[in-house]
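Engineer: This is the structure alone, sequence omitted:
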C-alpha cells in the first residue's frame, strides 16, 4: 500500500492510496458492509456510484458465517463479489458496543455473542487471524475502546492495553495486508498523545483515531479531532473511525483526516431520511404524496433520474424492498459525491468556501 | 392489441400479443408487482431477465397511494418506471381474499380495507375508472369470485353477477386499453360454459379463467383447466389467473392456456426456497454452509454467475436485503426461462417431451 498527499489546503489534504485492488482517492468515505454486504446494494451499484473501498466488520463475520468458511470460499472479496479494496475493523468496537457481556483481560476480551449468547475470546492473535482469513486489504489492530465517561485511570489502563495489543498485532502483520494502528485515550489529550507516539514507534501503514462518537458532547469530539489530527504522521493515511455526520466530517477534513466510515447514509436511507443539496428530507411526509419531482433536483443518481418523490413515498409507506434500495443508492451517491466535491475543493484551494457553504445547509 | 397464434402442438400454442408498449410472446409468465413494484426487483433487472409484461393489483393501488395520485403522476408506467406492458387485475379477487368484510350487492361490493379498516365500494364503474387512471395496457373486468366450496345455487348467482358486471365493464372500455373477460362458475361445468358463452357474446380482447386455486382439490382444478380451455375462443389470449405452480402450468399450457401470473417465484425467493433445474432447494440448509457452487449449475442468471450457495445461505440467515434481491432474480429468471423453453418446445413440436421431462423434476 502506498499513500501520497497530492495537495494540501490549510491542513486539509487530497491524497491517493494505491493498493493491489485499486486506487482510493482521499478524503474518502467508506460505505459500511457489516456482514459482507452493504445493506440493500449490489456490488455493481456501489461501483456505479463510485465507491472505491468498503468497510466490513470482523466481529460480525467471525460470529456468522465464520472466518474459516469465508476463507474456504475464497476470502471476503470473492465471497461478496467485490473486487475493490476492503478495510476490516478489528472487532474491538463491536465487542464494546454490541456484546451483552465483556470481560477485558490483559491478552484480549471475553465476550458474549449478540446472536446466540455463546462465549468467545478476541485478542491480537484472533483479530489478526480472522482478518487474514478474510483477506482484507487494510486490517485494523484490536483496540480497547473506553466508554464515555471514563476516569483518567481507566482511560490510561485502556490506552496502555491498546498499545500492547497494537504491538502484538504488528508482529503478526501479514504480507500483502496493510495494518493500521488505533489511537485511544478517551478525552485526555496527554493519553491520546502518548498512545500516538507509541504507535508511531511501532510503525503502521496508517493511523486511526477511535473511541469518539461514543456519547461525548460534540465540543469534546471536535476538540479531540483538532487535537489528534496534527499528531498523526503526515505521510500516512489518517482515519477517523465511525464518524460520518457531514458537519463533523468537514471539521475532521479541515484538521487533516483522510478516511471515514459511517452507517448513517445507509441506515438513514432505510428509515426514509434522505440527504439532499438543500438539507435532510423525510420521504414519508404527506406533502410528497403527489410530488412528481425528484428527491433532489441537483442530483444525478439513478433514483433521482427515474423516480418521483410521490413514488418513493409510496414505496416507503408500503415497506417495499425497492424503497430501501432506491433510498440507499441516493444517500450513498450523495455522500460519495460530497466527498468528491470536497476533494476537488481542496485541489482548487477552495476548501474553506466548500466548508462554509455546507455548514449553512447542514446545521 | 393484436394476438396471433404462430404454432400449435396439440392444444398447446405459441403466440404473440402485440401492444403499443411492446411484444409479448406466449405462453407468458407475468411477474406480480402488487403495489407498483415487483418485490425486491428494479425495472432494469426485470428487463434483463426478459420480463415482457408484469401484473399489478388494482385493489392495492386503489387503497394506497390511490389511483388519482398515480394518474396525477403520469400513470402507473411512469410512476414505477416500467415502459413495457402492464396488466391490471380488477380488484375482485383481492376483495374476496384480503378484505376483512365484504358485502356483495347487485352493482358491486362493499368491503373493508385490509390496511386501515376503512369502508369502500368497488363495482364495474369503479374498477374501470381505477384501471383507466392507472393506464394499464390490459384491464380485467370485475368478477365475483365464489369461494370453495360453493353450492350450485350460490355459484350460479355469482356467475350471473359476473356476466352482468362484465357487460357493464365492456360498455366502459377505454380506447387504447384492452379488456379481458373473466369466467367464473366454481367447479360446475355447465356454469363455466354458460359464463363463457355470454362473455363471447359481449366480446372481449382476451378471456380469463378465475376462481381456481381457492382451496379446491388439485384434481378438480385440473379438470376445470381441461374443461374451460377449449371453450375459450382460439383467436384470443387465454389467461389462467393466479395459477403458477409449474406442474399446473404444464397441464394448462397442454390444454391451451397462454397467460399466467403467480406470486410463487417471488414469494418463495424471499422465503429462501429456490427453483433449480434439479427441483426446489432451501438455501438455509446447513449443507450449503461452505458450498462454493452456484444455486443451479445450469443457470446463467446474475445470481448464479456471481455468488456461491455459501454466500446466499449467509445472506438469508442474516436477513439481508441482498438475499431477497439475489433469490428473486434467480427465481424469476428460472420461471421466465422455463416459459421460454416451453414456448420453444411448442414451436419445435416437442411440448410433450418438455412436459414429461419437467414432470419428473417437479412432483
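Structural biologist: Received the coordinates, thanks. Note that the coordinates shown come from a computational prediction; the quantities given were computed from them, not determined experimentally.
Engineer: Give the ranges of residues in chain A that sit below the confidence cut-off.
Structural biologist: Along chain A, no part satisfies pLDDT under 70.
Engineer: can you do 90?
Structural biologist: By pLDDT under 90, the weakly predicted segments of chain A are A:90-92, A:95-102, A:362-363.
Engineer: Would you agree residue A:111 is in contact with residue A:105?
Structural biologist: No - Residue A:111 sits out of contact with residue A:105 when judged by C-beta atoms under 8 Å, with a separation of 11.2 Å. To be clear about C-beta, it is placed using only N, CA and C from the backbone, and glycine gets the same treatment.
Engineer: Name the residues of the host helix or strand of residue A:269 that come out as buried.
Structural biologist: For residue A:269, the host element (DSSP states H and E) is helix A:264-270. Buried positions in helix A:264-270, judged by neighbour count with 16 or more other C-beta atoms under 10 Å in any protein chain shown: A:264, A:265, A:266, A:268, A:269, A:270.
Engineer: for stretch A:34-47, same thing?
Structural biologist: Counting neighbours by 16+ other C-beta under 10 Å, one finds that the buried residues in stretch A:34-47 are A:34, A:35, A:36, A:37, A:38, A:39, A:40, A:41, A:42, A:43, A:45, A:46.
Engineer: In helices, which of the residues you listed fall?
Structural biologist: Residues of those located in helices (DSSP state H): A:43, A:45, A:46.
Engineer: returning to that earlier point: does anything pack onto the helix holding residue A:269? Which helices or strands?
Structural biologist: For helix A:264-270, the elements it packs on are strand A:273-276, helix A:321-347, judged by 3 or more C-beta pairs under 8 Å, 6 or more residues apart in numbering or on different chains; DSSP states H and E.
Engineer: Reformat the ones you listed as JSON lines; add mean neighbour count and distance to chain B.
Structural biologist: Shown next, in JSON lines, are the helices and strands packed on helix A:264-270 (neighbours: other C-beta atoms under 10 Å in any protein chain shown; distance: least, C-beta to the nearest C-beta, whole Å):
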{"stretch": "strand A:273-276", "mean neighbour count": "22", "distance to chain B": "17"}
{"stretch": "helix A:321-347", "mean neighbour count": "22", "distance to chain B": "4"}
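Engineer: For residue B:116, find the nearest of those.
Structural biologist: Taking C-beta to C-beta as the criterion, helix A:321-347 is the member of the helices and strands packed on helix A:264-270 that comes nearest to residue B:116, at 19.4 Å.
Engineer: Next, the angle from the closest one to helix B:321-347.
Structural biologist: Inter-element angle recorded for helix A:321-347 and helix B:321-347: 120 degrees (by axes from the mean of the first three to the mean of the last three C-alpha atoms, to 10 degrees).
Engineer: residues in chain A within reach of chain B, list them.
Structural biologist: Residues of chain A lying near chain B by C-beta under 8 Å from any C-beta of the partner chain: A:35-37, A:39-42, A:64-65, A:69, A:72-74, A:79-81, A:289-290, A:292, A:306-308, A:310-311, A:313-315, A:317-318, A:320-322, A:324-325.
Engineer: 7 Å - rerun?
Structural biologist: Within chain A, the residues that sit near chain B (C-beta under 7 Å from any C-beta of the partner chain) are A:35-37, A:39-40, A:42, A:64-65, A:69, A:72-73, A:79-81, A:289-290, A:292, A:306-308, A:310-311, A:314-315, A:317-318, A:320-322, A:324-325.
Engineer: just to revisit the earlier point, ok, of the buried residues of stretch A:34-47, which one's closest to residue B:301?
Structural biologist: Of the buried residues of stretch A:34-47, the one sitting nearest to residue B:301 (C-beta to C-beta) turns out to be residue A:42, at 13.2 Å.
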